[in-house]
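> coordinates for the following, if possible.
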Amino acid sequence: MDKSPDAFRTISEVAEDLDLPQHVLRFWETRFTQIKPMKRGGGRRYYRPQDVELIKGIRFMLYDQGYTIKGVQKLLKENGVHFVVAIGAGDLAAVEAIAQRKQAEAEADQPKPRRKADDEMLVGEAKARPSRRFFGMGKGEEDGPVQPDGGRLSRDNRALLQEALFDLLECKRLLDQVR
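Numbers count the residues shown, from 1 in each chain. Predicted structure coming up:
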């Protein structure tokens, strides 16, 4: 008799379903605070369906995509649980929607510079053109991808990298279908 999809699972059931040793699941609980199985008398663990989905996403990122534990922790911190669950489930539409929402939030947080109205511009003053550089590849070392503020990528470059990651994941999914 199979359990319903909404049923809680024991650690042995989750370990078997995901082809993971039980000690790995216990270890991941210490590294990923988002995994929160219920514990009953005697310390027996019961995983909720959302815990199992998150573990699938973590497993995919660690084993299939080659992320480190710190890398997955950072993904969870920056993008949330739903992002990792969507990646693990192969739901690229949800991944893209989450990324677009994050980008919109980031853009909303940045104050927009005030542009001069056309009648305020000086005669012969050039209007701002969008940069043609990609990840800072162009003239000027100061415009490169690594900024002097601690070596961090700008939000725009991070968004471009995120978009490239989604494109690569989609390519991988298509290649896996062909195989």
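> could you point out the longest helix in this protein?
Looking across the chain with DSSP state H, the single longest helix is helix 155-178.
> buried ones in it?
Counting neighbours by 16 or more other CB atoms under 10 Å, one finds that the buried residues in helix 155-178 are 156-159, 162, 169. To be clear about C-beta, it is placed using only N, CA and C from the backbone, and glycine gets the same treatment.
> any idea how far residue 73 is from residue 4?
31 Å (CB to CB, to the nearest Å).
> thought residue 47 was touching residue 14, still the case?
Yes - at 5.1 Å, residue 14 and residue 47 qualify as touching, with contact defined as CB atoms under 8 Å.
> overlap of the contact sets of the two?
Residues touching both residue 14 and residue 47 (CB atoms under 8 Å, 6 or more residues apart in numbering): residue 55.
> so what touches the helix or strand where residue 53 lies?
Using DSSP states H and E, residue 53 sits in helix 49-59. Residues outside helix 49-59 that contact it (CB under 8 Å, 6+ apart) are 5-9, 14, 17-18, 20, 25, 28, 32, 34-37, 47, 72, 81, 84-89.
> what's the strand or helix carrying residue 28 packed up against?
In this assignment (DSSP H and E), residue 28 forms part of helix 22-31. Based on contacts counted as 3 or more CB pairs under 8 Å, 6 or more residues apart in numbering; DSSP states H and E, the elements that helix 22-31 packs against are helix 11-18, helix 49-59.
> report the buried members of the contacts of helix 49-59.
Buried, going by 16+ other CB under 10 Å: 8-9, 14, 18, 20, 25, 28, 32, 34-35, 37, 47, 72, 81, 84-88, out of the contacts of helix 49-59.
> low pLDDT regions in the chain?
1-2, 112-153, 159 (pLDDT under 70).
> please identify which of residue 73 and residue 4 sits among more neighbours.
Neighbour tally, residue 73 and residue 4, criterion other CB atoms under 10 Å: the higher count belongs to residue 73, 16 against 6.
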